[in-house]
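Novice: sharing a model that was predicted from the sequence below.
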Amino acid sequence: GAGVSQSPSNKVTEKGKDVELRCDPISGHTALYWYRQSLGQGLEFLIYFQGNSAPDKSGLPSDRFSAERTGGSVSTLTIQRTQQEDSAVYLCASSLVAGIQETQYFGPGTRLLVL
Amino acid sequence: KQEVTQIPAALSVPEGENLVLNCSFTDSAIYNLQWFRQDPGKGLTSLLLIQSSQREQTSGRLNASLDKSSGRSTLYIAASQPGDSATYLCAASNFNKFYFGSGTKLNVKP
């Protein structure tokens, strides 16, 4: 079946502009995660959605970052007033449910470059 | 906060060698530990997931071990092949948060 998809695959923007990154999880997966991978760094947890529960936003680096998940499926990560340090690969993952036995399936990522 | 470290950062070996990738974590109260493979321009692919109650998991030429008390996990790759060239990431989970290491970039030379 189809895996996790993300769009756009690449995004170049100017400092100060807003960007929206989209994630389509695997159908039927109730848990969705956003991560950021900066150059030479490991993945940094940003935000997590599980079903209709309130999202865990503890990893968001600033209030310029927000995310929504509509209808329990598609998610959008929004970065307002982008800064150069926001340049990174943003990865989305989904799992059937949240929990200790569930494998996360990752999308290909969106490469964001802020000039 | 959980800190995950991977050593070495990069590794180059000739085809056919057996090799070990290391992962250490600071908080032993993990729920599971997962190894991923990341190919350039692609997302992560899960390789092995070890529950906290388990000591190891095997899949084909891959074997991952977990020692919670010492905060270590190893990924053993037997008879390496050029197709194994990728970045290998380990991630420690404390339920619904995964903490990733920065990865080991593996190059297997033909």
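Specialist: Cool, got the structure.
Novice: which parts of chain B sit against chain A?
Specialist: Residues of chain B found near chain A (C-beta under 8 Å from any C-beta of the partner chain) are B:4, B:6, B:31-32, B:34, B:36, B:41-46, B:49, B:51-52, B:89, B:91, B:93, B:95-103. From N, CA and C alone the C-beta is placed, and that goes for glycine too.
Novice: now intersect these with the helices, please.
Specialist: Of those, none are assigned to helices by DSSP state H.
Novice: for ChimeraX, write a command that selects the buried ones of these.
Specialist: The ChimeraX selection below is limited to those of the residues of chain B next to chain A classed as buried (16 or more other C-beta atoms under 10 Å in any protein chain shown):
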select /B:4,6,31,32,34,36,43,44,46,49,52,89,91,93,96,97,98,99,100,101,102,103
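Novice: near chain B, which residues of chain A are found?
Specialist: Going by C-beta under 8 Å from any C-beta, the residues of chain A near chain B are A:3-4, A:31, A:33, A:35, A:40-45, A:48, A:50, A:56, A:58-59, A:91, A:93, A:98-101, A:103-109.
Novice: which members of those are classed as buried?
Specialist: The neighbour count (16+ other C-beta under 10 Å) marks A:4, A:31, A:33, A:35, A:42-45, A:48, A:50, A:56, A:59, A:91, A:93, A:98, A:103-109 as buried among the residues of chain A next to chain B.
Novice: the most centrally placed residue in chain A: what's it in contact with?
Specialist: In chain A, the residue lying closest to the centroid (C-alpha atoms, centre = their mean) is A:Trp34, at 3.1 Å. A:Trp34 sits next to A:23, A:46-48, A:67, A:75, A:77, A:90-92 when contact means C-beta atoms under 8 Å, 6 or more residues apart in numbering or on different chains.
Novice: so B:Asp27 versus B:Asn107, what's the distance?
Specialist: Going from B:Asp27 to B:Asn107 by C-beta to C-beta, to the nearest Å gives 31 Å.
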